[in-house]
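Colleague: Turn this into a structure:
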Amino acid sequence: MKKKLLSVLLCAAMVGTLAAGCGSKASDSGSTASSEDSKVSDDTLVYWSMWEATEPQGIAIQEAVDAYTEETGVKVDVQFKGRTGQREGLQAALDAGTHIDLFDEDIDRVNGSWGKYLMDLEEYAKAADYEATANAGLISACREVGSGTLKSIPYQPNVFAFFYNKDLFKQAGITSEPTTWDEFLAVCQKLKDAGITPITCDDAYADCMIGYHLGRLGGEDKVKEIVANGEWDDPIVLQMAQDYQELADKGYFSENIGSNVWPAGQNSELALGEVAMYLNGSWLPNEVADTAGEDFNWGCFSYPAVTKGAIDTATGVEAANYGAQVFAINKDSKMGQQAFDLICKITKGEYDEKLATESNGIPADTSNAEWPALVKCTKPVMEACTTRYSWAVGIESDEDMTPVIKENFIKLMAGTLDAQGFVDAMKAASK
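Modeller: Just a heads-up that it's a prediction; the model follows:
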């Protein structure tokens, strides 16, 4: 998500010689790669992609790869694995020493699950002056998750926030986006008074709502502590549950909140104009574009700051789950410079703009100042972010507890479990 962010210069000189790339040549790091893929010659750059070849991202990336090969003469073998193929196959392939020079996936997965395979990119980035037009917040996030070193390059930025239907807000007489919980409650009431259901959600994203609220009250480290140690009797848990019980009691949730299985809420309720708000990622407008239509008037605001009695907000609207997909280079690659040059080709200038335009995504190159219409509403949120949450603000940090948290939180939103009942259920489950 997701989160300051903009500077203006283009990375130039991708045309001509191999070393042109995104800047001057830096020495390759890493040792000779052991290859088990006899079908790929040693002078071919092998890129495992998280996209499908037929997706907008895959199509744009292939065009960038073709242009890079034409300009430099470097052969590139792009293997489009898709999300499942990448997540299930890359680890084993890297472990086996398969010839893979370049790969991509989510910022946390690349730097976490596959971190031991990553090449240090600081020298390449410095030689290329890469950061001149990079998203500063995302570069900082890459260093943070890379233990202080730049080991991945972000592209396809995203941010997690409340997305809403501006036309429904206008219909209800709402003239400004809420920044505090009290303002959020007022917005919900105005929508309800106008006969509009305020909020929906799907099971896939329910944990993000509880994570954000606890994060606002206690910060992400506190959320992780609660999950890890079973501290469900912490005052911020009861406060969160009481706040969500109030939303349920006042009828602010969709009547389907307890049974929505993704993508029912986003497709059948939000996109069709039946519900006003949905906490989701900046990929949402593109996912529902066919259903919502060209006239859907998108709005976006950060999860509101929460102040309740003696509990003051730990983080406010400046904090969000923001991130990106990232490229990383195998530390054993013999083609580090060529791989970095290809990264530049995809994430700078023409092809970064093409990637954003064709996928209705956020550009990674800050020189591409014109964002696609569907995600323009996220720009103020992204630019205001200075604190990065991880996914769901750490509420999913114990995978064994995640299904239990989700089940009981959905019951809380559906009104079949009250605040104290939620706390009690979680305390019982953590024993």
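
Colleague: From now on I want contacts and neighbour counts done on CA atoms only, so please keep to that.
Modeller: Noted.

Colleague: In the stretch 101-250 of the chain, what residue spans correspond to strands?
Modeller: Secondary structure of the stretch 101-250 of the chain (DSSP state E, counting those that start in this stretch): strands at 102-106, 153-165, 197-200.

Colleague: One more: the stretch 251-400 of the chain?
Modeller: Using DSSP E, counting those that start in this stretch, strands in the stretch 251-400 of the chain cover 275-281, 298-301, 319-320, 322-329, 387-388.

Colleague: Rebuild these as TSV, extending it with mean neighbour count and mean pLDDT.
Modeller: Listed next are these as TSV, based on neighbours: other CA atoms under 10 Å; pLDDT from 0 to 100:
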stretch	mean neighbour count	mean pLDDT
strand 275-281	24	98
strand 298-301	21	98
strand 319-320	30	94
strand 322-329	26	95
strand 387-388	20	90
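
Colleague: For residue 86, which of the ones you listed is the nearest?
Modeller: Taking CA to CA, strand 322-329 is the member of the strands of the stretch 251-400 of the chain nearest to residue 86, at 12.8 Å.

Colleague: will you turn the strands of the stretch 101-250 of the chain into TSV that also has distance to residue 245, mean pLDDT and mean neighbour count?
Modeller: As requested, the strands of the stretch 101-250 of the chain are exported to TSV (distance: least, CA to CA, whole Å; pLDDT from 0 to 100; neighbours: other CA atoms under 10 Å):
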stretch	distance to residue 245	mean pLDDT	mean neighbour count
strand 102-106	33	96	23
strand 153-165	19	97	25
strand 197-200	14	98	25
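
Colleague: now for those strands, which one comes closest to residue 348?
Modeller: strand 153-165 (9.3 Å).

Colleague: The closest one to strand 322-329, inter-axis angle?
Modeller: If you take axes from the mean of the first three to the mean of the last three CA atoms, to 10 degrees, strand 153-165 sits at 160 degrees to strand 322-329.

Colleague: could I get strand 153-165 in PDB with only the CA atoms?
Modeller: Written as PDB, here are the backbone C-alpha positions of strand 153-165 (Å, rounded to 0.1, in the frame of the first residue of the first chain):
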ATOM      1  CA  ILE A 153      13.100  -2.600  -6.900                       C
ATOM      2  CA  PRO A 154       9.400  -1.700  -6.600                       C
ATOM      3  CA  TYR A 155       6.900  -1.500  -9.400                       C
ATOM      4  CA  GLN A 156       3.100  -1.500  -9.500                       C
ATOM      5  CA  PRO A 157       2.700   0.400  -6.200                       C
ATOM      6  CA  ASN A 158      -0.400  -0.200  -4.200                       C
ATOM      7  CA  VAL A 159      -2.100   1.200  -1.100                       C
ATOM      8  CA  PHE A 160      -4.800  -0.200   1.200                       C
ATOM      9  CA  ALA A 161      -7.500   2.200   2.200                       C
ATOM     10  CA  PHE A 162     -11.200   2.900   2.100                       C
ATOM     11  CA  PHE A 163     -12.600   3.100  -1.400                       C
ATOM     12  CA  TYR A 164     -16.000   4.700  -1.800                       C
ATOM     13  CA  ASN A 165     -18.600   5.800  -4.300                       C
END
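
Colleague: helices or strands up against that strand?
Modeller: Here strand 153-165 touches helix 136-145, strand 275-281, strand 298-301, strand 319-320, strand 322-329, helix 336-347, going by 3 or more CA pairs under 8 Å, 6 or more residues apart in numbering; DSSP states H and E.

Colleague: Show me the one of those that comes nearest residue 85.
Modeller: Closest to residue 85 of these, according to CA to CA: strand 322-329, at 15.8 Å.

Colleague: Any stretches of the stretch 251-400 of the chain with poor pLDDT?
Modeller: Across the stretch 251-400 of the chain, the ranges flagged by pLDDT under 70 are 308-313.

Colleague: tell me the SS of residue 90?
Modeller: The three-state assignment at residue 90 reads helix, by DSSP: H, G, I helix; E, B strand; the rest coil.

Colleague: ok, back up a step: so for residue 321, which of the strands of the stretch 101-250 of the chain sits nearest?
Modeller: Nearest of the strands of the stretch 101-250 of the chain to residue 321, taken as CA to CA: strand 153-165 at 5.4 Å.

Colleague: could you give the angle of the closest one to strand 275-281?
Modeller: Here strand 153-165 runs at an angle of 170 degrees relative to strand 275-281 (the same axes, to 10 degrees).

Colleague: From the chain's centroid, how far away is strand 153-165?
Modeller: Distance of strand 153-165 from its chain centroid, counting by CA atoms, centre = their mean, to the nearest Å, is 6 Å.

Colleague: ok, back up a step: and the strands of the stretch 101-250 of the chain: which comes nearest residue 259?
Modeller: When the strands of the stretch 101-250 of the chain are compared by CA to CA, strand 197-200 sits nearest residue 259, at 10.9 Å.
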